[in-house]
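Enquirer: need the 3D shape of this:
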Amino acid sequence: MEQHVPFRRWFGDFGGGFCADDITNYDQEQYAKRLAHHLGSPEFRSLFHRMLNLLLPHAESSIRCCDLEGGRRLYLARNLSWYYNLAGQLALAQLEGKQKLCTGTRVREECRIVAKAAQALEMQLTIVLSREQSEDTDLINELTHLGCTVDSTTCVKWPDFPYAYAMYHCESSPDVYVLALEANFGCYPYPSLVGLLAGEFGKQLYSQAAGLSIEGIVVPIITGTEAVGAFHPWVDAGTNISLMTVEQPICEEYHVTDMGTYTLSTRSAEQEQPNTSLCPELVSWWRGAKVSRLGCDHYKEVETGWLACTDLTPAGARAAALAFAQSQCSSLLILEVYYG
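Expert: Numbers count the residues shown, from 1 in each chain. So this is what the prediction gives:
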């Protein structure tokens, strides 16, 4: 990560160019300059690799191949973008001299991984649980046993935005480092920072894919951070490989400001699902035709039985089937998020 590369404030029409009123004391420019300085330092690179070894002592995202019926070929790899971002964030927290961390997430596995990392590093972690997680007594007990301060009430009393409540610590608790786990929210430089760190995984994947007969890459997404980390090198290189994301069906889409980031948010066609803000960088790629958006308006069932031999999750099998059906590709690389 070269020090002279600035954080992007806007991605086309979207980005985190201003603060919400609640965090007006947060100095975006000075913070961005400090982080850019850290990212360009040898100390960051050393800490970054140390954090990766802590989080992923055994797992690698090696690419394996499955030959399918009809002459089609599917390459499979673990999407480790989330781990790479977390490793970078933990390294930055240490370079900032912070011993306290705060984060919020809707994903149970993410809670456990972050808590174990904080314990191993002897750092204090406050974690804001989503409304659903706040009812999971086993999870709360596990996190408490790992030494976390667990907030299991805020998202019950107020709107269910665990990541947003964690972000309030930017202004109210300057001794706390906020772990931004997704690139879909927060003031500048957070969306750019998360995409940049997650993109370190994309660089590794790009090298591994060199020489393989891959015509397209498909990533099933929720917020879009999963795809941004993986796609960065291909978007930057302007290759002819087709890049595709696949979402679950949605019933509504609208513009939103999520803690300072102007982006799109979706409402799932499955009404029990929470609203999801989308990564502004990915939305810009969609609008610029750099990445194809599939699945969000596809309500019919997709035949996935012929992919049973691949061990894909149901969401991954749906993504692969849609990508084969709606593109001209006969060989695809599919990436699914891995939580160990």
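
Enquirer: report how many residues lie close to Ser62.
Expert: Residues near Ser62, counting by other Cβ atoms under 10 Å, number 9. In this view, the C-beta of every residue, glycine as well, is placed from N, C-alpha and C.

Enquirer: likewise for Gln124?
Expert: As a measure of burial, Gln124 has 16 neighbours, counting by other Cβ under 10 Å.

Enquirer: for it, which residues make a bridge with it?
Expert: With DSSP bridges applied, the residues forming beta bridges to Gln124 are Lys100.

Enquirer: in this structure it contacts Ser173, no?
Expert: No: contact status for Gln124 versus Ser173: not in contact, 11.2 Å apart, counting by Cβ atoms under 8 Å.

Enquirer: got any residues that touch both of those two?
Expert: Overlap of the contact sets of Gln124 and Ser173 (by Cβ atoms under 8 Å, 6 or more residues apart in numbering) consists of Lys100.

Enquirer: three-state assignment of Leu139?
Expert: Reducing the assignment to helix, strand or coil with DSSP: H, G, I helix; E, B strand; the rest coil, the entry for Leu139 is helix.

Enquirer: could you point out which element follows the worst-scoring helix or strand of the chain on mean pLDDT?
Expert: When the helices and strands of the chain are scored by mean pLDDT, DSSP states H and E, helix 169-172 comes last with a mean of 64. Using DSSP states H and E, the next helix or strand after helix 169-172 towards the C-terminus is strand 176-178.

Enquirer: just the strands in the stretch 151-300 of the chain please.
Expert: Secondary structure of the stretch 151-300 of the chain (DSSP state E, counting those that start in this stretch): strands located at 176-178, 216-220, 242-246, 250-258, 261-268, 276-277, 292-294.

Enquirer: actually the stretch 1-150 of the chain, sorry about that
Expert: Taking DSSP E, counting those that start in this stretch as the criterion, the stretch 1-150 of the chain carries its strands at 10-11, 14-15, 64-67, 73-79, 100-105, 124-129, 149-151.

Enquirer: please enumerate residues in contact with the third one?
Expert: With contact meaning Cβ under 8 Å, 6+ apart, strand 64-67 is reached by 73-77, 309-310.

Enquirer: and the residue most central in space within the chain, what does it touch?
Expert: The chain has Thr225 as the residue nearest its centroid, 3.3 Å off, counting by Cα atoms, centre = their mean. Contacts for Thr225 (Cβ under 8 Å, 6+ apart) come out as 81-82, 85, 181-184, 194-195, 198, 279, 282.

Enquirer: check the gap between it and Thr276 for me.
Expert: 11 Å (Cβ to Cβ, to the nearest Å).

Enquirer: looking at it, Lys203 is touching Pro233, isn't it?
Expert: Yes: with contact defined as Cβ under 8 Å, Lys203 and Pro233 form a contacting pair (5.5 Å).

Enquirer: before we move on, the earlier item: of the contacts of Thr225, which is the most crowded?
Expert: That'd be Ala183 among the contacts of Thr225, by other Cβ under 10 Å, with 34 neighbours.

Enquirer: phi, psi for that one please.
Expert: Summarising the backbone geometry of Ala183 under the convention degrees, to the nearest 10, its torsions are phi -100, psi 20.
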